[in-house]
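Novice: Sequence first, predicted coordinates after that:
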Amino acid sequence: MVPDPSKSCLGLEYFCFEGDDLWNMTDSELLGLAAKEVSQLGLVKEADIEDGTVLRVSKAYPVYDATYQQAVAVIRDYIGSIQNLQVVGRNGMHRYNNQDHSMLTAMLAVENLMDGASHDLWQVNVDGDYHEERTDARPTAHVNSGRSAPLVRN
C-alpha cells in the first residue's frame with residue numbers, strides 16, 4: 001500500500017457516533033491518539049511514525065434495534081427488483097458481517113454476474129453463530145448445510 005517497500009501502512013479503526021467526542025477530535029488529535037496507542041501496544045515506536053490520514057465515515061455500521069429486520073426487508077425488496085445488482089459486504093447489505101463474510105459475498109456476487117451462478121448472498125452468515133468465538137481447544141470448520149453459499153472456515 002506504500003511505494004517504498006521498506007515502509008508499512010497501518011490502518012486503525014475507531015468506533016464512535018457522528019458528533020461524539022471522538023468524532024469531533026481534530027485530525028491532529030486523532031493521529032496523536034493513534035500514534036500513542038500503537039506505541040503502547042508495541043506495534044511501532046511513536047517516533048518512527050512519519051505520516052497519517054484521517055477518514056471519517058458516518059453511519060459505517062448498521063445499528064441493530066427493534067425495527068432493524070423490518071427496515072432491511074424493505075431495502076432487500078427494493079434492491080431485489082433491480083436486475084444485475086449485487087449488494088455485498090457490510091454497507092451493501094446493512095449487515096455487520098466480519099471481513100471473511102464480506103469478502104465471500106463479493107466473490108459469490110462475481111460468480112453470479114460472470115458465471116451465471118445463482119448464489120443467494122443474503123444466506124451468507126445467517127446462522128447466528130459468532131465465528132470468532134472458540135468454545136473448545138480444537139480448530140473448527142463451519143459449514144451450514146442447506147445454505148446456497150456455504151462458508152468454510154479453516
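Specialist: Perfect, I can see it now.
Novice: ok now do residue 22, which residues does it touch?
Specialist: 14, 16, 30 (Cβ atoms under 8 Å, 6 or more residues apart in numbering). From N, CA and C alone the C-beta is placed, and that goes for glycine too.
Novice: And it, what's its pLDDT?
Specialist: Residue 22 carries a pLDDT value of 95.
Novice: Assign a three-state SS to residue 77, would you?
Specialist: Look at residue 77: counting by DSSP: H, G, I helix; E, B strand; the rest coil, its state is helix.
Novice: where's it relative to residue 70, distance?
Specialist: 11 Å (Cβ to Cβ, to the nearest Å).
Novice: again with residue 118
Specialist: With Cβ to Cβ as the criterion, residue 118 and residue 70 are 26 Å apart.
Novice: Which stretches in this structure count as helices?
Specialist: 27-40, 68-80, 89-93, 99-115 (DSSP state H).
Novice: In the longest one, which residues are buried?
Specialist: What that stands for is helix 99-115. 101, 102, 104, 105, 108, 109, 112 (16 or more other Cβ atoms under 10 Å).
Novice: Measure how far it is from the centre of its chain, please.
Specialist: The chain centre lies 14 Å from the centre of helix 99-115; the measure is Cα atoms, centre = their mean, to the nearest Å.
Novice: same deal with stretch 10-20?
Specialist: Remark: stretch 10-20 is offset 13 Å from the chain centroid, using Cα atoms, centre = their mean.
Novice: Residues in contact with that stretch: which ones?
Specialist: Here stretch 10-20 has contacts from 22, 23, 30, 34, 37, 38, 43, 44, 58, 59, 61, using Cβ under 8 Å, 6+ apart.
Novice: Could you do stretch 48-65 as well?
Specialist: With contacts defined as Cβ under 8 Å, 6+ apart, stretch 48-65 is touched by 7, 15, 18, 23, 27, 30-31, 34-35, 38, 68, 72, 90-91, 94-96.
Novice: I'm done for today, thanks for sticking with me.
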